[in-house]
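Asker: structure for this input, please:
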Amino acid sequence: MRLLKLFLLLCLTNFAASGQFAIGDTLPNFSYEGQFAREYQLKELKGSYVLVNYWASWNEESRRMQISFIDLYGRYKDRRFKQGRKFYIISVALDDNPEILDLALKKDNLPWKTKYCDFKGWKSPLILQSKVHQIPCNYLIDSQGIIIGINLKKDQLEETLRAL
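Answerer: Reported below is the predicted structural model:
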């Protein structure tokens, strides 16, 4: 029994050490493509609320979740929050095939133009730095760059944005 408890404790410790970011942490800065194919940096969005959403064209659940954010984005993208000026979504794709990703983006018709994909899949340095171990996955960042939400579904995201 004692050995089992020790084993479980070690497993939980290893899981926590390799787990994802927590509320109060900050994501590493990264470059992404924005409107007119211009390169931007995550840190440039300080002062706004940002949902960094990790997905892949081959993962239906992550695509459905991303599509579910479309109407929220329309309602909140230009909103002035008490402590922030706008709401952005950055789509980070774990794809390795540009043609398939392009087809998915056209089919899903996402209104936000902020996206990132280095076509390295799970081996992407950004995915590793962001501690993403499964998709769908997302982090909601406040106007100071602090994570205030993790793996939010549409209703949870809307509730959070409405309260800000």
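
Asker: next up, the contacts around residue 78.
Answerer: residue 86 (CB atoms under 8 Å, 6 or more residues apart in numbering). In this view, the C-beta of every residue, glycine as well, is placed from N, C-alpha and C.

Asker: pLDDT value on it, please?
Answerer: pLDDT, residue 78: 95.

Asker: repeat for the one 10 residues further on
Answerer: We have a pLDDT of 97 for residue 88.

Asker: the helix or strand where it lies pairs with which strands, parallel or anti?
Answerer: Per DSSP states H and E: residue 88 is located in strand 87-93. Strand 87-93 sits in its sheet next to strand 49-55 (parallel), strand 115-116 (parallel), going by DSSP bridges.

Asker: give me the contact list for the last one.
Answerer: Judged by CB under 8 Å, 6+ apart, the contacts made with strand 115-116 from elsewhere in the structure are 30, 31, 32, 33, 90, 91, 92, 93, 105, 126.

Asker: ranking these by neighbours, who comes first?
Answerer: Within the contacts of strand 115-116, neighbour counts (other CB atoms under 10 Å) peak at residue 93, which reaches 27 neighbours.

Asker: apart from its neighbours in sequence, what residue is nearest residue 90?
Answerer: residue 114 (4.5 Å; CB to CB, 6 or more residues apart in numbering).

Asker: I figured the one you found was touching residue 86, is that so?
Answerer: No. Contact between residue 114 and residue 86 fails when scored by CB atoms under 8 Å: they sit 11.6 Å apart.
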